[in-house]
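K.L.:
here is my input, please return the structure:
(one chain, ligands or ions: 1)
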Amino acid sequence: MEIGAGSSGCVLANRLSKNSKVLLLEAGDDPLAIQSIPAGALFMINMPEWDWSYQTVPQSTAGFGMQDRKINWPRGKSVGGSSNLNYMFYLRGNRLDYDLWGNITKDDTWTFENVLPSFKKSIVYNGRFVENSKEINTTYLVYGSAPRRREHYGESTYGNMYVESRPYAPLRDEFIDGGKELGYDEIDANADQRTGFGDIEANIRNGARWGSYSAFIQPILDRTNLKIAKFSHVTKIKIDKNGRAVGVHYIQHGVAKFASAKREIILSAGAVDSPKLLMLSGIGPKDHLESLGVKVESEHVGKHLQDHTAVFLMPNTIDQPKSLYPFRDFTIDQLWNFMINGKGVFTNPSAAGAQAFFSSSLVNQTGVDWPDLQLYMFGSGHHETVVEDFARIQGFNATVLDQILSPVVGRDGFYIVVTLVRPHGRGEILIRDRNPFSHPLINPRYLEHPKDMKILIEGMKLAVKLVETTPFQKLGARHHKVPFKQCDHHEWKSDGYWECFIRHFAFSLYHPTSTCSMGKVVDSRLRVIGVNGLRVADASIMPIIVNANTNTPTVMIAEKAADFIREYWTAQYQVSEKELFYTKKNEEHCFYTSRQNFKILQILMLHAYIDDT
Ligand SMILES: Cc1cc2nc3c(=O)[nH]c(=O)nc-3n(C[C@H](O)[C@H](O)[C@H](O)COP(=O)(O)OP(=O)(O)OC[C@H]3O[C@@H](n4cnc5c(N)ncnc54)[C@H](O)[C@@H]3O)c2cc1C
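P.N.:
Down below sits the predicted model:
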């Protein structure tokens, strides 16, 4: 039995239902078709049907430019989970991240060498390989990205998750060329992550979103042994008197139900809801759960919360119409281009297409290049509703943000997203009360640790240098000094100014992890310590956050978990390989059928649009 059909839950359902009966309980519905259009995802954020719309508690050292000092935490609520809302960046993280996991858990399963096969297993990589020299000559020039070596990606005969270069990524070439001018290498960050610049590949197929639903659930919808119970909000895991997880209580369409598990329960409700559900079930810190009754004392549940904090270098303008300007660029022609060719502005939800990793001076002191800063190019201009849009998505206080953006509204431009990818600060998640529908108390304690601020300030300075490089200057790029009353008592671009700016505008890059940390809440086989028959497999089990976007590592965790579970139960029951009834042919058939449905839907949407205009 699985709880949560998100990025990881879908992988597990696919792998386990090859030869077992699986009940997958998901609080949300199937994803909306509009989610397949990458640019459509932005409209889903903060819609309660598709997003849990969490917020942090007011932050004492961050969020000064947010409403009530709270920072938005969107989380997907549908089959596919947050992979239906996310920006689809495909990044694995650094070799040293995983070697550290191996060290912490004292289990080599988690070292980079041993997680690499699980990364390769999930994907179908439509990349540009070195040996294919013809392809390099064309694609290399078009996308300005380093060619890939096959050994890092594999042949992907087992994979379902498509990874492709983004067909549309405004200012990608300027960003990478600017980095080269500053003396940095161009790198393939998935093969050999270190300081350097490169493009960002994404979970897309022919331009359409290819999240966990499309990759792992859609192809197997006809498996009779997989039951997906949508609209099923799990409220509690039942632990019997022998300390075994035996079933779950859930509410579906207002009706309270119970399902019992024959073999085991796998919790994949994500870094917010997995610890919350453990606590609601009486598994967690004793002091916190006293009023609920503690079944299993587990001090670390909800603790060690880590996230990537990000801040925009803004406002920046260019003199040429080369950025995404929604009111100009979202046209019927572009919609057609997306539907027919899988290309154009609709293929990218965030106008992001290039990124760079850097090691701050704090890391450089150690002599090891293990980046703690990541910069993205977000090639979006300043359309007329930019302030309201950012206020809705990021939770900015519109009045505060207006000071920064109103002087440049109506102009092409870009943002450089400066991200802290190896945070020193740690937060926690607590339950608000015993009501399973109450949002938990999320306290990431952003920017409380002085080192985190120091690293971000270095990142801002680097971003300014990039704007000054020739490729950007050729477009007339300018980072503007605008009146900003909250920070104007500091000299513009001084450390004090940046600190003030960052404390106002830092936001979450939506990568919470480590709230059911491996080695503390679960063991290295992901079994909850102190309970039988219960595992956690999602972003919450990372012992330390990886220094890259978290979807791909979460999918890898699910692949590992499926292997552990299959190994264990195969040994118990001698499950025969002959039981496998799933075939690749079947999967391909499902793909084409669903693809046809998607095309029909696209045509209907187009008609609706034309009618409207
Ligand atoms: C806006 C956004 C942009 C992002 N961009 C990127 C990116 O570009 N690249 C990247 O690598 N990562 C990105 N991420 C992060 C990445 O998507 C997440 O790390 C990843 O999806 C986490 O997967 P998960 O399986 O742990 O949780 P989720 O995918 O969130 O899945 C949890 C599932 O459990 C369900 N659930 C929760 N509680 C219950 C309950 N009580 N009962 C039943 N079901 C329940 C939820 O509805 C959900 O479907 C982004 C995230 C967001 C929100």
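K.L.:
strands of the stretch 301-450 of the chain, residue ranges please.
P.N.:
Under the criterion DSSP state E, counting those that start in this stretch, strands of the stretch 301-450 of the chain are mapped to 309-317, 352-358, 373-378, 413-420, 428-430, 441-443.
K.L.:
and of those, who's closest to residue 24?
P.N.:
Across the strands of the stretch 301-450 of the chain, residue 24 has its closest neighbour in strand 428-430 (23.6 Å, CB to CB). For the C-beta atoms, the positions are set from N, CA and C on the backbone; glycine is no exception.
K.L.:
any residue of that closest one up close to the ligand?
P.N.:
No - against the ligand, strand 428-430 shows no contacts by CB under 6 Å from any ligand atom, the least distance being 12.6 Å.
K.L.:
go ahead and confirm residue 177 touches residue 471.
P.N.:
Yes - between residue 177 and residue 471 there is a contact under CB atoms under 8 Å: 4.2 Å.
K.L.:
so what's residue 324 closest to, chain neighbours aside?
P.N.:
residue 351 (4.1 Å; CB to CB, 6 or more residues apart in numbering).
K.L.:
my bad, should have said residue 148
P.N.:
Of all residues not flanking residue 148 in the chain, residue 127 sits nearest, at 4.4 Å (CB to CB, 6+ apart).
K.L.:
next, count neighbours for that neighbour.
P.N.:
Using other CB atoms under 10 Å, residue 127 has 22 neighbouring residues.
K.L.:
and what of residue 341?
P.N.:
With other CB under 10 Å as criterion, residue 341 counts 12.
K.L.:
again with residue 389
P.N.:
Residue 389: 15 neighbours (other CB under 10 Å).
K.L.:
next one: it relative to the ligand, how far apart?
P.N.:
14 Å (CB to the nearest ligand atom, to the nearest Å).
K.L.:
residue 554 too?
P.N.:
According to CB to the nearest ligand atom, residue 554 and the ligand sit 4 Å apart.
K.L.:
would you say that residue is within a strand?
P.N.:
No - assessed with DSSP: H, G, I helix; E, B strand; the rest coil, residue 554 is helix; it does not lie in a strand.
K.L.:
thought it was touching residue 540?
P.N.:
No - using CB under 8 Å as the test, residue 554 is too far from residue 540 to be in contact (9.3 Å).
K.L.:
check contacts around residue 406.
P.N.:
Residue 406 makes contacts with residue 387, as judged by CB atoms under 8 Å, 6 or more residues apart in numbering.
K.L.:
got the strands of the stretch 301-450 of the chain as a markdown table, with mean pLDDT and mean neighbour count columns?
P.N.:
What follows is the strands of the stretch 301-450 of the chain, written out as a markdown table (pLDDT from 0 to 100; neighbours: other CB atoms under 10 Å):
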| stretch | mean pLDDT | mean neighbour count |
| --- | --- | --- |
| strand 309-317 | 98 | 24 |
| strand 352-358 | 92 | 26 |
| strand 373-378 | 97 | 26 |
| strand 413-420 | 98 | 26 |
| strand 428-430 | 98 | 22 |
| strand 441-443 | 98 | 19 |
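K.L.:
next, count neighbours for residue 77.
P.N.:
27.
K.L.:
how much space between it and residue 441?
P.N.:
Distance, residue 77 to residue 441, by CB to CB, to the nearest Å: 19 Å.
K.L.:
which SSE is residue 8 in?
P.N.:
helix 7-16 (DSSP states H and E).
K.L.:
so what touches that helix?
P.N.:
Residues from elsewhere that reach helix 7-16 (CB under 8 Å, 6+ apart): 2-3, 5, 22, 24, 26, 79-83, 122, 160, 211-213, 215-217, 219-220, 226, 228, 266, 268-269, 537-539, 551, 554-555, 557-559, 561-562, 565-566.
K.L.:
can it be found next to the ligand?
P.N.:
Yes - using CB under 6 Å from any ligand atom, helix 7-16 reaches the ligand at 7, 8, 9.
K.L.:
most neighbours among these, which one?
P.N.:
residue 8 (36 neighbours).
K.L.:
can I get the residues of helix 7-16 next to the ligand in CSV with pLDDT and distance to residue 367?
P.N.:
Formatted as CSV, these follow (pLDDT from 0 to 100; distance: CB to CB, whole Å):
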residue, pLDDT, distance to residue 367
7, 98, 35
8, 98, 35
9, 98, 41
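K.L.:
quick check: closest non-adjacent residue to residue 388.
P.N.:
Per CB to CB, 6+ apart, closest to residue 388 is residue 398, 6.4 Å.
K.L.:
what's the neighbour count on the one you found?
P.N.:
A count of nearby residues for residue 398, using other CB under 10 Å, gives 13.
K.L.:
same question, residue 102
P.N.:
For residue 102, the count of nearby residues is 19 (other CB under 10 Å).
K.L.:
same deal with the one 3 residues further on?
P.N.:
When counting by other CB under 10 Å, one arrives at 21 neighbours for residue 105.
K.L.:
which residues touch the residue in the stretch 1-150 of the chain positioned nearest to the ligand?
P.N.:
Residue nearest to the ligand within the stretch 1-150 of the chain (CB to the nearest ligand atom): residue 6, separated by 1.7 Å. Shown in contact with residue 6 (CB under 8 Å, 6+ apart): 76, 80, 81, 82, 83, 212, 268, 269, 270, 538.
K.L.:
likewise for residue 314?
P.N.:
Counting by CB under 8 Å, 6+ apart, residue 314 makes contact with 404, 405, 415, 505.
K.L.:
is it true that the second one touches residue 312?
P.N.:
No - with contact defined as CB under 8 Å, residue 405 does not reach residue 312; the gap is 9.9 Å.
K.L.:
need the residues of the stretch 1-150 of the chain near the ligand, please.
P.N.:
Residues of the stretch 1-150 of the chain lying near the ligand (CB under 6 Å from any ligand atom): 3-9, 25-28, 74-77, 81-83, 85-89.
K.L.:
mind listing which of those are in strands?
P.N.:
Those of those mapping onto strands are 3, 25, per DSSP state E.
K.L.:
what's across from the closest residue to residue 390 other than its chain neighbours in the sheet?
P.N.:
Spatially, and ignoring its direct neighbours in sequence, residue 390 is nearest to residue 396 (5.1 Å; CB to CB, 6+ apart). For residue 396, the beta-bridge partners are residue 66 (DSSP bridges).
K.L.:
what's near enough to touch residue 396?
P.N.:
Contacts of residue 396 by CB under 8 Å, 6+ apart are 65, 66, 67, 387, 390, 505, 507.
K.L.:
and those residues as JSON lines, adding pLDDT?
P.N.:
Formatted as JSON lines, the contacts of residue 396 follow (pLDDT from 0 to 100):
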{"residue": "65", "pLDDT": "97"}
{"residue": "66", "pLDDT": "97"}
{"residue": "67", "pLDDT": "94"}
{"residue": "387", "pLDDT": "96"}
{"residue": "390", "pLDDT": "90"}
{"residue": "505", "pLDDT": "98"}
{"residue": "507", "pLDDT": "97"}
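K.L.:
of the residues you listed, which is the nearest to residue 95?
P.N.:
residue 507 (28.4 Å).
K.L.:
what segments of the stretch 51-200 of the chain are helices?
P.N.:
95-105, 112-122, 133-135, 141-143, 172-181 (DSSP state H, counting those that start in this stretch).
K.L.:
most remote residue from this protein's center?
P.N.:
residue 241 (37.8 Å; CA atoms, centre = their mean).
K.L.:
on the three-state scheme, it is what?
P.N.:
coil.
K.L.:
same question, the one 10 residues further on
P.N.:
With three-state DSSP as the basis, residue 251 sits in strand.
K.L.:
just want to know which of residue 554 and residue 540 has more residues nearby.
P.N.:
Using other CB under 10 Å as the criterion, residue 554 and residue 540 rank with residue 540 on top: 33 against 30.
K.L.:
contacting residues for the more buried one?
P.N.:
270, 271, 274, 275, 513, 514, 515, 516, 517 are the contacts of residue 540 under CB under 8 Å, 6+ apart.
K.L.:
now stretch 95-105: how far from the chain's centre is it?
P.N.:
20 Å (CA atoms, centre = their mean, to the nearest Å).
K.L.:
what does the average pLDDT come to for that stretch?
P.N.:
Stretch 95-105 carries an average pLDDT of 97.
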